[in-house]
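In: What follows is a protein structure lacking sequence information:
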């Protein structure tokens, strides 16, 4: 399978969601990431009255997961892909969902200053201008709002390159990027050791073959592997600096 041009914008992302939406929803690493984001939101006491924005919301899987757990909160999402927004709208008919490119321009009027909690999950590795994107995310946040960021760590796989990853991160590297963009980092973690690292090693070893494994409906090998890692990734993680899922919670430096 040809690798889509990562610079192809909306059309590339429409094609990627067409190929991988089903496997993305079943992916145990995505489920692990959703649980991590939920715990970080809960630690900040997000509750009724919260306004939670998902930057790069894709097909709305994370938004739907959070909506089941934060009763009384309002939800919004923004994504470059028209196909992603259409799929998200079916999952979240009551959410404010906008097709747009926060790397290229400021927030749409309806999202300016809107969020009490913003999530930017697995987005920064796809963009050229991290600081510009984060500045535009900040413009979507109200006074005192929190930003939760997740990015990939560890080596880059063939599938990561297929998805358009420019770079991977360390915990300290993510902290530096956020602080350089005007945020005060409250916590930064390298999560997932050892199970998440084992999953990522399996992805690395599978190489280019994984692209076909997860395109459209997953085959029996991919389903079996995802079931195994789905169980492993529910086991408690060991707090170490070695996890390959990098996450941080931050606020704007001038926030009270």
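Out: Nice, thanks for sending it over. These numbers come from a predicted model, not from an experiment. Residues are numbered from 1 along each chain as shown.

In: give me every residue that touches residue 28.
Out: Residues near residue 28 by CB atoms under 8 Å, 6 or more residues apart in numbering: 199, 226, 229, 230, 232, 233. In short, each C-beta sits where N, CA and C put it, glycine included.

In: how about it, phi and psi?
Out: With angles defined as degrees, to the nearest 10, residue 28 sits at phi -70, psi -30.

In: leaving aside the residues next to it on the chain, what's closest to it?
Out: residue 230 (3.9 Å; CB to CB, 6 or more residues apart in numbering).

In: so that neighbour sits right up against residue 35, yeah?
Out: No: contact criterion CB atoms under 8 Å: residue 230 and residue 35 do not qualify, at 11.5 Å.

In: Overlap of the contact sets of those two?
Out: Common neighbours of residue 230 and residue 35 (CB under 8 Å, 6+ apart) do not exist.

In: roughly how far apart are residue 74 and residue 66?
Out: In this view, residue 74 and residue 66 are 11 Å apart by CB to CB, to the nearest Å.

In: so what's the residue most central in space within the chain up against?
Out: Nearest to the mean C-alpha position of the chain, by CA atoms, centre = their mean, lies residue 121 at 2.1 Å. Applying CB under 8 Å, 6+ apart, we find residue 121 in contact with 33, 37, 54, 55, 56, 62, 148, 149, 150.

In: what's the most distant pair in the residues you listed?
Out: The most widely separated members of the contacts of residue 121, counting by CB to CB, are 33 and 55 (14.3 Å).

In: I'd like to know which helix or strand in this protein has the lowest mean pLDDT.
Out: Within the chain, confidence by mean pLDDT, DSSP states H and E is lowest for helix 220-232 among all helices and strands, at a mean of 69.

In: biggest strand in the chain by residues?
Out: Using DSSP state E to define each element, the chain has its longest strand at strand 141-152.
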